[in-house]
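**Q** just a sequence and a predicted model for now, questions to come.
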Amino acid sequence: DTGVSQDPRHKITKRGQNVTFRCDPISEHNRLYWYRQTLGQGPEFLTYFQNEAQLEKSRLLSDRFSAERPKGSFSTLEIQRTEQGDSAMYLCASSQSGSNQPQHFGDGTRLSIL
Amino acid sequence: KQEVTQIPAALSVPEGENLVLNCSFTDSAIYNLQWFRQDPGKGLTSLLLIQSSQREQTSGRLNASLDKSSGRSTLYIAASQPGDSATYLCAPDSGNTPLVFGKGTRLSVIA
């Protein structure tokens, strides 16, 4: 069990650029979640997958955001035309399906928009 | 819609003290509640998961209790240490919906 891995750890980009983050879940976990966290707040849900199917998306996920999990393993989160307000920590978590299955989090990708 | 409140927002204690962190939630239809720890600039580390059928769950110096009907959970930390300094987050789990988090309690344990 190598844990949830996220890449990159930090991303600095200019406003208007596109960015893509990657998450590798724990290998036997079929659920994968994306959250966003800003300073002083708890994580806020963005979207989640069961295997390759995207089952739920938050209203926080504007049309500039897209997430994929093409083979039911790793996932990518892309933000197009980044804005200042996108600056945050983007956290990925994974779990097995079913009730009472804990979510395990990665260390996140910190995005800074200049 | 689930709403989670954590009190206090911040807490500073001398090393060795026992302390209690509080979590309240508005929707009691939950399967379980997780307590997490977050160090600065890091992700979340799961500390305890307490199922709705349980009243308490213990791991080392940590003890979590759950009163589902009143929408409350507490995390008790015994004999606090400087290494316990972190932000503690609670998140009730309603099953097929994502976790909803409080803003956390920022704990500082002073040596």
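**A** Structure's in. What do you need?
**Q** torsion angles phi and psi at whatever residue of chain B ends up closest to chain A?
**A** Residue nearest to chain A within chain B: residue B:101 (3.1 Å; CB to the nearest CB). Heads up, the C-betas are built off the backbone N, CA and C, glycines and all. For residue B:101, the backbone dihedrals (degrees, to the nearest 10) come out as phi -110, psi 150.
**Q** correct me, but residue A:92 touches residue A:4?
**A** Yes: if you go by CB atoms under 8 Å, residue A:92 and residue A:4 touch, sitting 5.8 Å apart.
**Q** list the contacts of residue 57.
**A** The chain I'm using is chain A. Contacts for residue A:57 (CB atoms under 8 Å, 6 or more residues apart in numbering or on different chains) come out as A:46, A:47.
**Q** nope, chain B
**A** So residue B:57 contacts B:48, B:49, B:50, B:51, B:63, B:64, B:66 (CB under 8 Å, 6+ apart).
**Q** isn't the second one right up against residue B:32?
**A** Yes: the criterion here is CB under 8 Å, and residue B:49 meets it with residue B:32 at 5.4 Å.
**Q** so what sits against both of those two?
**A** residue A:100.
**Q** span of stretch A:98-114 from start to end?
**A** With CA to CA, to the nearest Å applied, stretch A:98-114 spans 41 Å between its terminal residues.
**Q** average pLDDT across it?
**A** In this model, stretch A:98-114 carries a mean pLDDT of 92.
**Q** same deal with stretch B:87-101?
**A** For stretch B:87-101, the per-residue pLDDT averages 89.
**Q** what's the answer for stretch A:46-58, then?
**A** On average, stretch A:46-58 scores 93.
**Q** mind listing the strands for chain B?
**A** Taking DSSP state E as the test, the strands found in chain B are B:4-7, B:10-14, B:19-25, B:32-38, B:44-51, B:56-59, B:62-67, B:72-77, B:86-93, B:105-110.
**Q** with chain A instead?
**A** Going by DSSP E, chain A shows strands at A:5-7, A:10-13, A:19-24, A:31-37, A:44-50, A:53-57, A:65-68, A:75-79, A:88-95, A:104-105, A:109-113.
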